[in-house]
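> whatever this is, show me its structure:
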Amino acid sequence: MGSTSAHNNEGLGRRDLIKRSAALGLIAVPTMSFLSACASGDSSSDDKVEKGEKTEKNPLAVNGSAPLDIVIFDGGFGTKYAEDAKAVYEKTYPDAKVKFSATQKIQSVLQPRFNGGTPPDLIDNSGAQQMDMGVLVGKKQLTDLTPLLDAPSIDDPAKKVRDTLRPGIIEMGQFDGDPVWIMYYAYTVYGVWYSQTALEKLDATYPETWDDMLALCAKAKKKDIAGWTYPGKHPYYLPFSLYPFIAKIGGVEVLDAIDNLEPKAWEHPAVKAAFDAYYELVAKGYILEGTPGLDHRGSQGAWARGKALFIPNGSWVENEEAAIIPKDFKLSVGAPSSLDSSDKLPFGTLWASGGEPFIVPSKAKNPEGGMEQLRIMLSEASSKSFTTSTKSLSAFNGGTDGIELSDGLKSGVAALEKAGTNVVNPRLQDWYVKLQKEQIGVAALGEMMAGRAKPAETIKKIQAFADATAKDQSIKHFKHQ
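The predicted structure follows:
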């Protein structure tokens, strides 16, 4: 592999090379549709339970005998951490009947309840069928969580909950000013995940340049190992590494313009360069055969079994595939490789932000109970339960003391340290879910990475989707402050 200095001397030649090679071989992918998340503003009931007495130990005035209804997404993080927190709530309020359920079909299960005015008190709104956050906020279907944030923390009553959270968590929950509508409970590191052991077997290290990435993929191909795979049926995983790649090439302002739905934002040269680079993986045959037909578990399974070196993903993958990841796998995460010497941000730039969005519906019968459950979850004990059971960080700024960190978690922490202030936080996936998943993900990136569309036409298609979203007056629009 070439050295970084040799690579840097190429300058913009790397982009020219990509353009020349982008017309090479193609692979195929079946078409698919994605269930749109939407939310009605109608409701038939606004009944609330009577509040309890506000005391030093009960700062949110929880009614200790009122029922509490919790729905958790049963995904990569499982449900143990939430069940542990529920047990604390039940111990604190023994007269409360807590209904706890888990599903992977959040939107289809809960949409009828929102429409009927009977939503749960606390929801983990995550997964492929996540309800559109922007729509929920725009239709005023969520409770402002400011009372929770201003309440005393469980561990130190002299410190507010808001002062115990990791940087950026509160801001992520804000859509239109000061109110905080969402509590992102997990702290997710996104990037290019790989097995250090697999690289060692190839006498390789993680490629810090795109030339080195291609060279490593070529070397792996000779050993019948694919360079990359991804969830072909859920191609909106691709941005987990693609978006920070765009920011690294062109600067954070490129992603901000994209989030703001600015005209021609997707036509920025950094976007074209990143798309051309990813398309080169397709053109050179470095994508695992059959990837376009795989769902997230299928692609992760193939990767964990050593059929591909790299996969764009989030830190939940360690827990989600714990049953099949070999003990000597040495799970690691890498930041986007450097494209060339003109990149605006240094190697190490990555995407890390809140994940697992919890919400309290505005029509919840027991919103105080829902917020109290979150207050419990944001304690050190609950955070340690989450980190231990999921191998991921929580929104609580701490909770790792005395815990033996897993390989993936250690790598994620190291990646954050290396990134320093060069951490990006794209907002499309929570501001405009339909645009991000159905349109950019499935209809555009899915087609490009299947070889059925070239980068230029893909960018044109995405810009049209973004322009239509910007002009759609039926949805609420958001901008970086």
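
> give the partner strands of the strand of greatest length in the chain in its sheet and their orientations.
In the chain, taking DSSP state E as the definition, the longest strand is strand 183-195. Taking DSSP bridges as the criterion, strand 183-195 pairs within the sheet with strand 308-314 (antiparallel), strand 331-334 (antiparallel), strand 350-359 (antiparallel), strand 393-394 (antiparallel).

> which SS class is the residue lying closest to residue 71 once chain neighbours are set aside?
The shortest distance from residue 71 to any residue other than its chain neighbours is 4.6 Å, reached at residue 120 (CB to CB, 6 or more residues apart in numbering). For the C-beta atoms, the positions are set from N, CA and C on the backbone; glycine is no exception. Here residue 120 is recorded as coil under DSSP: H, G, I helix; E, B strand; the rest coil.

> what pLDDT does residue 72 get?
Each residue has a pLDDT score; the one for residue 72 is 98.

> can you tell me the element it falls in?
strand 68-73 (DSSP states H and E).

> my read: residue 176 touches residue 476, true?
Yes - at 7.2 Å, residue 176 counts as touching residue 476 under the criterion of CB atoms under 8 Å.

> with neighbour numbers in mind, choose between the two.
residue 476 (17 against 14; other CB atoms under 10 Å).

> what is the burial count for residue 66?
20.

> doesn't residue 366 make contact with it?
Yes - contact criterion CB under 8 Å: residue 66 and residue 366 qualify, at 5.0 Å.

> between residue 176 and residue 476, which contacts overlap?
Contact criterion CB atoms under 8 Å, 6 or more residues apart in numbering; residues shared by residue 176 and residue 476: residue 137.

> how far away is residue 272 from residue 247?
According to CB to CB, to the nearest Å, residue 272 stands 14 Å off from residue 247.

> between those two, which one's more packed in?
Using other CB under 10 Å, the more surrounded residue of residue 272 and residue 247 is residue 247, with 29 against 21.

> which strand or helix spans the more buried one?
Per DSSP H and E: helix 239-250 holds residue 247.

> and the angle from that helix to strand 350-359?
140 degrees (axes from the mean of the first three to the mean of the last three CA atoms, to 10 degrees).

> which of the residues in whichever helix or strand comes after helix 239-250 are buried?
Note on helix 239-250: by DSSP H and E, the next helix or strand toward the C-terminus is helix 252-259. Applying a neighbour-count criterion of 16 or more other CB atoms under 10 Å, one finds 252, 254, 255, 256, 257, 258, 259 buried in helix 252-259.

> thought residue 251 was touching residue 344?
Yes - between residue 251 and residue 344 there is a contact at 4.0 Å, judged by CB under 8 Å.

> neighbour count for those two, which is higher?
In this view residue 251 and residue 344 are compared by other CB under 10 Å, and residue 251 has more residues nearby, 18 against 14.

> gap between that one and residue 272?
15 Å.

> what's the answer for residue 135, then?
31 Å.

> then residue 145?
39 Å.

> and residue 154, by the same measure?
Taking CB to CB, one finds residue 154 at 49 Å from residue 272.

> and for the residue most central in space within the chain, nearest residue in space, chain neighbours not counted?
Geometric centre of the chain, nearest residue: residue 355, 5.6 Å, by CA atoms, centre = their mean. Computed as CB to CB, 6+ apart, the closest residue to residue 355 that is not its neighbour in sequence is residue 188, at 3.6 Å.

> kind regards, and thank you for your time.
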